[in-house]
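In: take this sequence and fold it.
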Amino acid sequence: MRIFVLAVALVFALSAEASCNLSSARLSAGLVKVGDSDRRVLDSRPDRVVQLETREGGAAGIRYDFYTRGQTLQVYVRAGRVTRICRVRD
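Out: Model prediction:
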């Protein structure tokens with residue numbers, strides 16, 4: 001029984017895997033690539049905006065979340081430029 005519960009927990013943990021090796025993503029305002037300005041991301045009207053902080057509490061950037069069916073697209077911006085694009089499957 002314990003092995004079954006462990007196997008089920010492992011399957012659920014692996015299904016919520018994030019892929020952060022994307023170099024571009026299609027949003028409503030067009031194609032967004034790493035290195036683009038944050039204006040193109042803001043034109044797509046993100047569903048959620050998260051202020052990122054360092055361990056000391058200082059500003060480290062902004063994460064914009066876009067929700068689509070079955071996945072969340074996260075666009076990380078630092079100093080006005082897109083630095084990372086991640087896809088998290090729900």
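In: who's Val88 bridged to?
Out: For Val88, the beta-bridge partners under DSSP bridges are Ala18, Thr72.
In: for Ser44, see how far away it is.
Out: Counting by CB to CB, to the nearest Å, the gap from Val88 to Ser44 is 17 Å. Heads up, the C-betas are built off the backbone N, CA and C, glycines and all.
In: which of these two has more neighbours?
Out: Ser44 (18 against 14; other CB atoms under 10 Å).
In: can you tell me the centre-most residue of the chain?
Out: With distances taken as CA atoms, centre = their mean, the residue of the chain nearest its centroid is Gln74 (1.9 Å).
In: okay, and that one sits in which element?
Out: Secondary structure from DSSP states H and E places Gln74 in strand 71-78.
In: hang on, Leu42 in a helix?
Out: Yes - under DSSP: H, G, I helix; E, B strand; the rest coil, Leu42 sits within a helix.
In: count of neighbours near it?
Out: Using other CB under 10 Å, Leu42 is surrounded by 14 other residues.
In: what's the nearest residue to it if we skip its chain neighbours?
Out: Using CB to CB, 6 or more residues apart in numbering and skipping residues adjacent in sequence, the residue nearest Leu42 is Tyr64, 7.8 Å away.
In: packing partners of the helix or strand where the one you found lies?
Out: Using DSSP H and E, Tyr64 falls within strand 59-68. Packing partners of strand 59-68 (3 or more CB pairs under 8 Å, 6 or more residues apart in numbering; DSSP states H and E): helix 38-43, strand 48-53, strand 71-78.
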